[in-house]
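Colleague: sequence isn't available, so here's the structure alone:
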C-alpha cells in the first residue's frame with residue numbers, strides 16, 4: 001500500500017484516510033463543526049503554519065469536503081464552509097470525541113458537552129443499526145465483500161475468525 005495513493009485503494013478506510021488522515025485536517029474539521037470559517041481564525045486557534053493550513057484547506061476543497069466562498073473583495077478573502085460531504089463526517093468526528101471523552105479525559109472531565117437541540121438533553125454519541133436501531137459493537141457485526149471489492153482481497157478464513165472474535 002502506497003501512502004500517496006491511498007485514494008486508489010479498494011478499501012473505504014484507506015480512501016477516507018487519504019482525505020482526513022492527518023492531525024491538522026482532523027483539527028480543521030473539528031473547528032469547522034465549531035463554526036470556524038476563516039483562514040486567520042483557523043490559524044489563530046490551531047497555531048499551525050500558514051503553509052500547512054493552506055495545504056490542508058486546499059485538499060479539503062479539492063475532495064469536496066469544504067467549499068471556498070468569498071466574503072471580502074479587497075483584498076479577496078474566503079470562508080471555508082462544510083459541504084454535504086463534509087457534514088456527513090459529523091458521525092466520524094462525534095465518534096472521535098466520544099472515544100476521547102471515555103479514554104483521554106483528565107480529572108477535570110469532558111472539555112465540551114453536546115446538547116441535542118430537539119430534546120434539550122446532553123448526549124453521548126452511540127452507534128446503532130440503521131435497520132433495527134439496536135446498539136452495535138464489533139462482535140455484533142459480520143463483514144462481507146461488497147460489489148466494489150476485489151475478490152482477491154478476501155482474508156483467509158482463520159483471519160476472519162480472529163475478526164469475528166474482535167481481534168485484528
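Modeller: Received it, and whenever you're ready, just let me know what you need. This one's a predicted model, so the numbers in the text were calculated from it and none came from an experiment.
Colleague: state the number of residues packed around residue 42.
Modeller: 21 (other C-beta atoms under 10 Å). Every residue, glycine included, has its C-beta placed from N, CA and C.
Colleague: so the residue most central in space within the chain versus residue 18, what's the distance?
Modeller: The centroid of the chain falls nearest to residue 92 when counting by C-alpha atoms, centre = their mean (4.3 Å). From residue 92 across to residue 18, the span is 14 Å (C-beta to C-beta, to the nearest Å).
Colleague: show me where this protein dips below the pLDDT cut-off.
Modeller: By pLDDT under 70, the weakly predicted segments of the chain are 1-4, 8-9, 153-168.
Colleague: one more pass at 90, please.
Modeller: 1-15, 125-126, 136-138, 143-168 (pLDDT under 90).
Colleague: the domain parsing of it - what is it?
Modeller: Following automatic domain parsing, the chain resolves into domains at 3-88, 89-126.
Colleague: now, of the ones you listed, which is deepest in the fold?
Modeller: Across those, averaging neighbours per residue (mean count of other C-beta atoms under 10 Å) puts domain 3-88 on top, at a mean of 14.
Colleague: isn't residue 125 right up against residue 91?
Modeller: Yes. With contact defined as C-beta atoms under 8 Å, residue 125 and residue 91 form a contacting pair (7.2 Å).
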